[in-house]
Every structure is written in C-alpha cells, then in structure tokens.
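Visitor: Coordinates for the following, if possible.
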Amino acid sequence: MPQPALHRLKTALAAALLAALPTVTRAESFADVKPSPQQVAWQDLEFGVIVHFGTNTFLDREWGDGTAAPSVFHPDRVEPDQWARAVKAAGVRYMVLVAKHHDGFALWPTGQTDYSVKASPWMGGKGDLVKMTSEAAKKNGLGFGVYLSPWDRHDPRYKDSAAYDKYYLSEMEELVQNYGPLTEWWLDGAGSAGHVYDFAKYIETLRTYQPNTMVFADVALFDYGDIRWVGNEKGVVQGENWNVIDRHGQLRWRPLEVDTPLHKLHWFYSSKPDFAASLKSVSELMDNWENSVGKGGQFMLGIAPDTHGLLPDADVKRLAEFGAALKARYGNQANLAAKHATTDENVAAALDNDPATFWSAPAGSANATLEVDLGREVTFDHAMSMERLDDGQNVRGYAVQVWDGRAWKTVAQAEAIGHMKIDRFPAVTARRVRLNILSSVGTARIREFKLFDVGH
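Guide: Presented below is the predicted three-dimensional model:
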C-alpha cells in the first residue's frame, strides 16, 4: 500500500477509535452539576445515627491508642435491636456502625488480624457485632452503613503504605461482601496527616460490590466522596447551603452531612459523671435538626452504647421524646397548608404532604410564584420549602410572603432552598401566602411548601 494511503488509513482508524471513547466533559457552571440517583435517595433519608462502641467504651476514652488488650471488650448484654428501636422512635432512617475506630480493634471476626472481637471474651470470641447490627437495622426498617477507620494505631503494617493498603482492602472486602447493601461508607481522615493511602483503589473496590453506597469524605478527599463533612461537630450548617462545591476549579455535587453526638463532646460512652450530664435536651436536638435537615443537610447523630452493650435508659427516653416533639412540630398533621382552598393541580402538588409530587414553575422562567389561598385566616411562624433536586439546585433566591390586605409582605428571604429549608419569623396571620422564586437557573420545582405554627 502506498505511504499516503497507509497514512490516511491510520488517521481514519485513529479518528474512529477516538470517536468510540466515552466523552469526558467538565461542568462549566454550578447549574450544570446534577446529583446521581443515589445521592438524591440518600438526601431523602435526612436523619441517621453513627454508633461508637469498642474498647474505648470500657476505658473512658474518646481516642484509643491501639494498646488496649482485646480482653477489655466484655459487654454482657449487647442488643443492637434496642439501639435500632430507640433511634427509629426519634425518626432516624439509617444507622452507621463504627466497625473499626482509630485504635484498630475490629468489631467483626476479620480474617486479617487477631485484634478483634474473636480475641475478646465477648460471646466466647464467636461474636460478630457488624452482623448483629446490620440484622437489627434491617429488622427495624433502617438502612445500614459502616465506618472503617483508615488510621490504625495498632496494626504494624500501618507504617508501610503498600502493606497497609492491602490490609485495609482485605477488611473492606469482608465488610462489603458479607453484610448486605450498605447505605453509607465513612472515610474519616482523622489522624492521617502524612500517610499515603490508595483511596482510588479503596473506592474502586467498594464500587465493585456496593455501587449504590454513598461515601462520606472530607473535602480534602474531593475525588472520592459522594457527601461531605459540614466542618464542625456542633450540629449546624453555617450560612447558605449549596450542594455543589468548588475545589480548585472542580465542581461536584457534594451534599452535607452534619454530625454531632447525642452527649455533648462524647462520641463514646463514659462512666464519668459528666457523661450523663452531657445528654442533649429535646430543645438542643431540635435546634440541631432545624439547623441541619432544616438547612438542606443530613443530620448524623452520634449514639454510644454503655459497657453492657445497651443505650442508657436516659438516652432511649430522650430519643423517644425528641421523635415525638419532631412529629408534633413538623409532622404532616401539623402542616397548616395541607388544608387550603381549591387550587389547580400544579399548586396542589406542593401542598399534599407527598414529596413524590411537585409544583413546577413555567418552563425556562427565571422567577415565578407558588401562591396558596388557605381558605381561612391562619396564624403561622415557620415555613418549610423543599426543592426537587433531580435536575440540580436551581433556586438562587426566594421569599416567603403574605398578603396583608393591601400588598405582599416579605416575612423571610434567602438564597438557597435545596433539599429542605425551614424559615422562622414572627407569627403572622394571613389567608394568602406565597413562595416567591426571585431567581432561578433552569426551571424551579418545589416538592413541598408547608406552614407551621410552632409558637416561638
């Protein structure tokens, strides 16, 4: 074949091969970034718990150093079903177990090390807390997740990055293959400064067996996480909450998880007097919920079983009290907008206590109003709005307004709605109220618009 013809053939083949490759595009604006179906489903869960239980429980420690003997772990009444029942009463929808904390002690009989429950006196070394907890979660209709600390202060392989990566991956494979579908996988970077991990391989392995699992990771692990840390352990979202964040020019959909312990400053149980006194009040928990879920984040509450393996009675009681208070304040029966004058199908879809339906602004509009005639004079002091996020976070500015007989009066105004936004304001009495979308990119869609009379 003549050289020019051969060159043309090679060029044509190369072009064909390039055309066959998947196209990789980078989002150029925040509006271009949309969530995965798994992220949307995870955000709908809204409220989870993380369970800290291990050798630290018996040593009154928050941080283990990896030297505790396995014999330290000797609970006599471990009952994950009690944990699950208690948190479900609070409104929780999924439960994450710390299967291995920074001290390296594993709560399942891993084949990778003897530093685990199989070397403890608990159940004669035959126990498997991961299995018990996953089964309890499933029994109670909760999702189940796992925290496997990358930092390991016990295992000697940690000094050798390659050897430790193999060890971590082997433990991960046990957890992702043997305990059913996982809702969330925690990648906590605490204590890992200076250590090199093969996070890409970790996530590749996880995705092989658990493609729908959401990975929690700090912003530093930007390329590997599906959800991100809020940046504090106070249980609050600060400022406007946008699901898309920018790290060094890369845009990603990374919804917030807001973690805080049920006992202030205590992730693990302690027998010291200050532990009981640190139990958060119902009002403190409500403040956490309103400033996490109520600002479009995910509320992750830390619970801590005692040395028996049970949640303390006071904790169980407080969780039930909080669940009842949450239902009374924001449950469907409390929604004043659910009862309204006859309206069109589009508006009704945002007032029906059903997040599967939604109101839609006119296609392509940059602003629009969702107006409600309540059919009677109603007094309220809180409004809840929920944006449909399947096509991205489109609302860029909004106001809650009431008709005072002469004009529309703004009672609340902000930028982001996101998964949920609760606005509080001095009590107003009105028959007509509206959610005024002042600015949107793309078509704004509202799943729910609710009104409540909280009383303060």
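Visitor: quick one: low-confidence parts of this protein?
Guide: 1-27 (pLDDT under 70).
Visitor: Could I get the full set of helices for it?
Guide: Here the chain has its helices, by DSSP state H, at 3-20, 37-45, 55-59, 80-89, 129-139, 161-178, 199-209, 273-277, 282-290, 313-330, 345-348.
Visitor: Output the ones you listed as TSV; include the columns mean neighbour count and distance to Leu301.
Guide: Glycine gets a C-beta too; all of them are placed from N, C-alpha and C. Output for the helices of the chain, formatted as TSV (neighbours: other C-beta atoms under 10 Å; distance: least, C-beta to C-beta, whole Å):
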stretch	mean neighbour count	distance to Leu301
helix 3-20	9	49
helix 37-45	17	13
helix 55-59	22	18
helix 80-89	22	8
helix 129-139	21	15
helix 161-178	17	22
helix 199-209	16	24
helix 273-277	12	16
helix 282-290	18	8
helix 313-330	17	9
helix 345-348	14	34
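Visitor: looking at the ones you listed, which is closest to Leu251?
Guide: When the helices of the chain are compared by C-beta to C-beta, helix 37-45 sits nearest Leu251, at 14.3 Å.
Visitor: residues in contact with stretch 264-281?
Guide: 52-54, 56-57, 60-62, 261-263, 288, 302, 304-307, 312, 314-315, 318 (C-beta atoms under 8 Å, 6 or more residues apart in numbering).
Visitor: Mind checking which of those residues are buried?
Guide: Buried members of the contacts of stretch 264-281, counted by 16 or more other C-beta atoms under 10 Å: 52-54, 56-57, 61, 261-263, 288, 302, 304-307, 312, 315, 318.
Visitor: give the contact list for Trp83.
Guide: Per C-beta under 8 Å, 6+ apart, neighbours of Trp83: Val51, Met95, Thr133, Ala136, Ile303, Pro305, Leu311.
Visitor: one more time with 6 Å
Guide: Leu311 (C-beta atoms under 6 Å, 6 or more residues apart in numbering).
Visitor: How about Thr213?
Guide: Contacts of Thr213 (C-beta under 6 Å, 6+ apart): Leu182, Trp185.
Visitor: one more time with 7 Å, if that's ok
Guide: Leu182, Thr183, Glu184, Trp185, Leu206 (C-beta atoms under 7 Å, 6 or more residues apart in numbering).
Visitor: Surely the first one touches Asn212?
Guide: Yep, that's Leu182 we're talking about. No. Applying C-beta atoms under 7 Å as the test, Leu182 and Asn212 come out as separate, 8.3 Å apart.
Visitor: of these two, who's got more company?
Guide: Shown here are Leu182 and Asn212; by other C-beta atoms under 10 Å, Leu182 has more neighbours (21 against 13).
Visitor: For that one, which non-adjacent residue is closest in space?
Guide: Nearest non-adjacent residue to Leu182, counting by C-beta to C-beta, 6 or more residues apart in numbering: Thr213, 4.5 Å away.
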